[in-house]
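Colleague: Have a look; sequence and predicted model below, questions after that.
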Amino acid sequence: AVHSLKDMPTTLPDKLVLAAITEREDPRDALIVRAEHKGKGGLRGLPKGAVIGTSSVRREAFLRRDFDHFKIKVIRGNVNTRLRKLDDGEYD
């Protein structure tokens with residue numbers, strides 16, 4: 001199974017079939033911050049040097065372009081693991 005069509009090559013290998021493409025869900029990103037940052041204006045309200053976690057090269061590029069004062073760290077794991085890392089103070 002493929003999580004995202006963007007992870008597929010542009011030319012499919014022989015014998016590989018795209019059997020189905022589901023309807024696209026909401027494509028917007030979500031921002032989850034620690035409690036002390038909640039309600040302070042999202043990314044613009046985070047302090048200089050805030051640690052932002054993402055596993056997306058695209059999101060990292062946007063963040064570096066628009067918020068060069070943030071520290072970007074790769075974050076891995078399922079949703080519960082990522083939330084625990086946030087709660088543990090590894091990310092803002």
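Modeller: Ah, there it is. What you are looking at is a predicted structure, and each value in this text was computed from that prediction instead of being measured.

Colleague: ok, the residue nearest to the spatial centre of the chain - contacts?
Modeller: The structure's the chain has its C-alpha centroid closest to residue 54; by C-alpha atoms, centre = their mean the separation is 4.2 Å. Residue 54 sits next to 60, 63, 72, 74-75 when contact means C-beta atoms under 8 Å, 6 or more residues apart in numbering. Yep, even glycine has a C-beta here, placed from its N, CA and C like the rest.

Colleague: try 6 Å
Modeller: Residues near residue 54 by C-beta atoms under 6 Å, 6 or more residues apart in numbering: residue 60.

Colleague: Strands along the chain, start to end?
Modeller: Here the chain has its strands, by DSSP state E, at 51-54, 71-74.

Colleague: of all these, which lies closest to residue 92?
Modeller: strand 51-54 (5.2 Å; C-beta to C-beta).

Colleague: can you dump the C-alpha coordinates of the closest one into PDB?
Modeller: Output in PDB follows, covering the C-alpha atoms of strand 51-54 (Å, rounded to 0.1, in the frame of the first residue of the first chain):
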ATOM      1  CA  VAL A  51      11.900  23.700  17.800                       C
ATOM      2  CA  ILE A  52       9.600  22.500  15.100                       C
ATOM      3  CA  GLY A  53       9.200  18.900  14.200                       C
ATOM      4  CA  THR A  54       8.300  17.600  10.700                       C
END
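
Colleague: Direction included, what does it pair against?
Modeller: Note on strand 51-54: by DSSP bridges, its sheet partners are strand 71-74 (parallel).
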